[in-house]
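Novice: no sequence on this one, just coordinates:
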């Protein structure tokens, strides 16, 4: 990978408008802003290795980049066929016996532990059959993020961090007007990032690349 940037390295752009904000608080705002930006924009594309499917097991673990988690799946294919996104709520509404159904999966959902859930439960094993294109975000427990995201989108992330800080209640730096203005500027940057991501203009983080924890 092309390197990483620590949360502390983001502070110059954030604290210039928050001189009274402690560094530890500003650093937490930077982390929350980076996570929000990656989740909102989908700019961090991730291509895990093709995964095996086990008979009788709907769970398929997807390896996220080091220090990150899977945010969303842009596409999930099983032996080249697209699977449709679904949810437990949808399946429950459609099928009273959805948990016991087996066969060739046609739908999926992803839980909070980076596991793709297949429905119906696979009735046959398939080697290297599941191909996922996903987006990633830093974990709350990580201490850095990919440098290319910060280099390309530092304005968006710093604006979001300031919006978070300014919106904190009853702090010396609290300013709801500035919070709104910073968030509006963030939204402008976010629209550009979403356009880039939709055109596959963002970098793609491969599971075989070096970690950045």
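Specialist: Okay, I see it. These numbers were taken from a predicted model, which means no experiment stands behind them.

Novice: and the longest helix for this protein?
Specialist: When the chain is scanned for its longest helix (criterion: DSSP state H), the result is helix 176-198.

Novice: ok, longest strand in this protein?
Specialist: strand 126-138 (DSSP state E).

Novice: can you give me the mean pLDDT across that strand?
Specialist: Per-residue pLDDT over strand 126-138 has a mean of 95.

Novice: hmm, who's touching stretch 20-33?
Specialist: Under the contact criterion CB atoms under 8 Å, 6 or more residues apart in numbering, stretch 20-33 has outside partners 7-8, 10-11, 14-15, 18, 138, 140, 142, 157-158, 160-165, 168, 171-173. Glycine gets a C-beta too; all of them are placed from N, C-alpha and C.

Novice: again, only this time at 10 Å
Specialist: Applying CB atoms under 10 Å, 6 or more residues apart in numbering, the contact partners of stretch 20-33 are 5-11, 13-15, 18, 138-145, 150, 156-168, 171-174, 186.

Novice: Show me what the longest helix of the chain is packed up against.
Specialist: helix 23-41, helix 147-166 (3 or more CB pairs under 10 Å, 6 or more residues apart in numbering; DSSP states H and E).

Novice: For residue 194, which of those is the nearest?
Specialist: When the helices and strands packed on helix 176-198 are compared by CB to CB, helix 23-41 sits nearest residue 194, at 5.5 Å.

Novice: how about whichever helix or strand comes after that closest one: buried residues?
Specialist: Helices and strands here follow DSSP states H and E; after helix 23-41, the next one along the chain is strand 45-47. Residues of strand 45-47 classed as buried by neighbour count (16 or more other CB atoms under 10 Å): 45, 46.

Novice: If you count contacts, what does the helix or strand just after strand 45-47 end up packed against?
Specialist: Tracing the chain C-terminally past strand 45-47 and defining elements by DSSP H and E, one meets strand 51-53 next. Judged by 3+ CB pairs under 10 Å, 6+ apart, strand 51-53 is in contact with strand 59-61, strand 115-119, strand 126-138.
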